[in-house]
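S.K.: generate a structure from the sequence data that follows.
(one chain, ligands or ions: 2)
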Amino acid sequence: MSEPYDLIIIGGGPGGYNCAIRAGQLGLRTAIVEKSPTLGGTCLNVGCIPSKALLNASEKFEGASRHYAEYGIEAAGVKLNLGKMMAKKDEAVSGLTKGVEFLMKKNKVDYLKGMGRIVSAGQVEITTPDGSKALHATRNIVIATGSESAGLPGIEVDEERVVSNVGALRLSKVPGRMVVIGAGVIGLELGSVWRRLGAEVTVVEYLDRVTPSADVEVSRQFQRILAKQGMIFELGMKVLAVEKLKSKLKITVEPAQGGEKKMLEADIVLLAIGRRPFTAGLGLEAVGIRTDARGFVLTEHLRTNIPGIWAIGDCTHGPMLAHKAEDEGANLAQIIAGKWGHVNYDVIPNVIYTHPEMASVGKTEEELKNAGIAYKTGKFPFTANSRARANQDTDGFVKILADAKTDRILGCHMIGAGVGEMIGEICVAMEFGASSEDVARTCHAHPTMSEALRQAAMGVEGWTMQM
Ligand code: FAD
Ligand code: NAI
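M.R.: Ligands and ions are numbered 1, 2, ... in the order given. From the prediction side, this is the model:
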């Protein structure tokens, strides 16, 4: 065995590769292990990036074929070239995964290709794609193995007709009808892609509203907007079976509380009911690393119960988001290097990249009520925002929640065009412990969508000016 590494990171997703970059910057001897052919994990290969590439392209297609005429742009004969759209998406993915590989080299991180297994605290075995094995010594092991799509008993995902995110991002033709199981983030983003490209999309959701963990007011309006766009919702319904017939899929659904069964038909079923931690073949049991009942690696400040073994990203607790994994990765490198490292889980934004977008950070109204925290609300609709009106893109609103006594911002929830970019302002404000008044008194450029944030902040103290 060669000289021990300071850390070996198992998993090359946003958690793992950001941990590696920061560790390299701090002069730690670092290796990253990845079993897939490319670095970047779920996010770059089959998640954030390909889905955003298709969301962007499909929005342009829908705009050109259905909406540009409203702006006086009459484009005749708009045609979809799905092959080209997919190729552009693949180009974005491969450019970025190569970029991550370059960053490993730049930061002197060894990229070890293969499947990593923890033999003991201090030893990682790697099985390379050709089947050979190598043992590496290390002072620290970082588990960054991510997550995979959760299944439903009795429903076989073949990635051709019954697909997870993996198959849904590479369909070779636009389905006539698509049934999406789960009205969460994946279901609504990828459902939007295929609806815009021409599919009739029906979303079956177990609970009584879309994006059930979002602020209720936001999620209700979001659902109305998506329905107006043509998405069909079957809420409060559970899927009992998906039968694969030669020419179509038959989906049996039933009200979640019991009742009369109903049949749906589709060419493609997308299963998107959440994700589960991926730790298969990692050797957790052999080393005695504790997990919870659902398989998430248990940690305290990123430490597992075994000294020298850490866990970050989707395989451990917290929101399953790339930027959460990234923050944990970079901060863990700092901790291992003997520096400070802290993730503020109260300020992790959430964005759904549909059109309009949904963005939030901090507590929802329901969470504040349940916690018995007195709060004040400021709201502003985009119908009253000059930029939204100039763009003729006025769906949605901004809502700011602030502590009733101190005025400190506790949460922000928005629907609207591009609000995913606007949420960063509130994240910074919250990190600085800002009050709603701080935002209300900050000059914002005119005409911008972000003026709606300022007006909503003014509304907390009742002095919204432009409504
Ligand atoms: P992953 O990205 O899953 O990476 C883990 C890596 O570890 C994988 O490459 C895997 O092959 C490797 N691995 C596992 N076990 C081993 C082993 N034993 N040996 C070697 N390698 C191993 N999040 C956002 O913030 N914004 C978005 O817009 C967004 N969009 C998404 C869209 C979709 C369709 C999906 C599915 C997810 C999306 N996410 C998004 C979530 C985001 O992708 C994840 O939160 C993020 O990738 C988690 O990073 P990670 O590093 O923890 O794990
Ligand atoms: P999700 O947790 O967002 O949504 C799953 C939905 O399925 C929920 O509404 C749930 O009530 C419903 N559901 C669960 N069981 C069901 C059943 N049997 N029948 C019908 N409905 C059922 O999970 P999703 O969409 O799979 O995404 C997984 C994770 O990936 C997200 O939670 C998010 O962390 C991440 N992601 C983030 C994105 C972003 O940041 N823009 C984009 C896509 C994914």
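S.K.: ligand 1 contacts on this structure?
M.R.: By the rule Cβ under 6 Å from any ligand atom, the part of the chain lying against ligand 1 is 10-16, 33-36, 41-43, 47-48, 51, 115-116, 144-147, 165, 186, 278, 281-282, 313-314, 320-323, 325, 353. C-beta here means a position set from N, CA and C on the backbone, and glycine is covered the same way.
S.K.: what subset of those residues is also close to ligand 2?
M.R.: 186, 320, 321, 353.
S.K.: how about the third one: what's its closest non-neighbour residue?
M.R.: Read it as residue 321. residue 348 (6.6 Å; Cβ to Cβ, 6 or more residues apart in numbering).
S.K.: buried subset of the residues of the chain next to ligand 1?
M.R.: 10-16, 33-36, 41-43, 47-48, 51, 115-116, 144-147, 165, 186, 278, 282, 313-314, 320-323, 325, 353 (16 or more other Cβ atoms under 10 Å).
S.K.: what about those, which are in helices?
M.R.: 14-16, 41-43, 48, 51, 165, 186, 322-323, 325 (DSSP state H).
S.K.: among these, which one lies nearest to residue 436?
M.R.: Distance to residue 436 across these (Cβ to Cβ) is lowest for residue 323, with 24.2 Å.
S.K.: touching, the closest one and residue 349? I think so.
M.R.: Yes. With contact defined as Cβ atoms under 8 Å, residue 323 counts as touching residue 349 (7.4 Å).
S.K.: rewinding a little: which among the ones in helices among the buried ones among the residues of the chain next to ligand 1 gets closest to ligand 2?
M.R.: residue 186 (3.3 Å; Cβ to the nearest ligand atom).
S.K.: how close does the closest one sit to residue 324?
M.R.: 16 Å (Cβ to Cβ, to the nearest Å).
S.K.: surely residue 296 and residue 320 touch.
M.R.: No. Assessed by Cβ under 8 Å, residue 296 is found out of contact with residue 320, at 10.0 Å.
S.K.: my guess is residue 405 contacts residue 375. True?
M.R.: No. Taking Cβ under 8 Å as the definition, residue 405 is not a contact partner of residue 375, at 9.6 Å.
S.K.: the two: who's more crowded?
M.R.: Using other Cβ atoms under 10 Å as the criterion, residue 405 and residue 375 rank with residue 375 on top: 19 against 10.
S.K.: and that one, what are its bridge partners?
M.R.: Judged by DSSP bridges, the bridge partners of residue 375 are residue 403.
S.K.: contact partners for it?
M.R.: Counting by Cβ atoms under 8 Å, 6 or more residues apart in numbering, residue 375 touches 365, 368, 401, 402, 403, 404, 410.
S.K.: at 7 Å what do you get?
M.R.: Taking Cβ atoms under 7 Å, 6 or more residues apart in numbering, we find residue 375 in contact with 368, 401, 402, 403, 404, 410.
S.K.: so what's whatever residue of the stretch 301-450 of the chain ends up closest to ligand 2 closest to, chain neighbours aside?
M.R.: Residue nearest to ligand 2 within the stretch 301-450 of the chain (Cβ to the nearest ligand atom): residue 320, separated by 3.5 Å. Nearest non-adjacent residue to residue 320, counting by Cβ to Cβ, 6+ apart: residue 314, 4.6 Å away.
S.K.: the one you found contacts residue 145, doesn't it?
M.R.: No. Counting by Cβ atoms under 7 Å, residue 314 does not reach residue 145; the two are 8.2 Å apart.
S.K.: for residue 88, what are phi and psi?
M.R.: Note on residue 88: its backbone torsions stand at phi -60, psi -40 [degrees, to the nearest 10].
S.K.: circling back to that earlier point, need the buried ones from the contacts of residue 375 selected in ChimeraX.
M.R.: To isolate the buried ones among the contacts of residue 375 in ChimeraX, judged by 16+ other Cβ under 10 Å, type:
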select :368,401,402,403,410
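S.K.: just put the contacts of residue 375 in a markdown table and tack on pLDDT and distance to ligand 2.
M.R.: Shown next, in a markdown table, are the contacts of residue 375 (pLDDT from 0 to 100; distance: Cβ to the nearest ligand atom, whole Å):
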| residue | pLDDT | distance to ligand 2 |
| --- | --- | --- |
| 368 | 97 | 22 |
| 401 | 98 | 21 |
| 402 | 98 | 25 |
| 403 | 98 | 27 |
| 404 | 98 | 30 |
| 410 | 98 | 21 |
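S.K.: reformat the contacts of residue 375 as TSV; add distance to residue 453.
M.R.: Shown next, in TSV, are the contacts of residue 375 (distance: Cβ to Cβ, whole Å):
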residue	distance to residue 453
368	19
401	13
402	13
403	18
404	20
410	15
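S.K.: relative to residue 207, which of the contacts of residue 375 is nearest.
M.R.: So of the contacts of residue 375, ranked by how close each gets to residue 207 (Cβ to Cβ), first place is residue 368, at 20.6 Å.
S.K.: how close does the closest one sit to residue 351?
M.R.: From residue 368 over to residue 351 (counting by Cβ to Cβ), the distance is 21 Å.
S.K.: separation between residue 378 and ligand 1?
M.R.: According to Cβ to the nearest ligand atom, to the nearest Å, residue 378 and ligand 1 sit 27 Å apart.
S.K.: tell me which element the residue lying closest to that residue once chain neighbours are set aside is part of?
M.R.: What sits nearest to residue 378 in space, not counting adjacent residues and going by Cβ to Cβ, 6+ apart, is residue 459, at 3.1 Å. Taking DSSP states H and E as the criterion, residue 459 maps to helix 451-460.
S.K.: list the helices and strands that helix packs on?
M.R.: strand 375-381, strand 397-403, helix 419-431, helix 436-440 (3 or more Cβ pairs under 7 Å, 6 or more residues apart in numbering; DSSP states H and E).
S.K.: pull out the buried positions in stretch 294-302.
M.R.: 296, 297, 299, 302.
S.K.: I meant stretch 273-289, not that one.
M.R.: Result for stretch 273-289 [16+ other Cβ under 10 Å]: buried residues 273, 275, 276, 277, 278, 279, 282, 283, 284, 287, 289.
S.K.: got it, and stretch 115-128?
M.R.: 115, 116, 117, 118, 119, 121, 122, 123, 124, 125, 126.
S.K.: so in terms of bridging, what pairs with residue 5?
M.R.: residue 138.
S.K.: who touches it in this structure?
M.R.: Here residue 5 is in contact with 29, 30, 31, 136, 138 (Cβ under 7 Å, 6+ apart).
S.K.: again, 10 Å this time
M.R.: Neighbouring residues of residue 5 by Cβ atoms under 10 Å, 6 or more residues apart in numbering: 23, 28-31, 109-110, 112, 124, 136-141.
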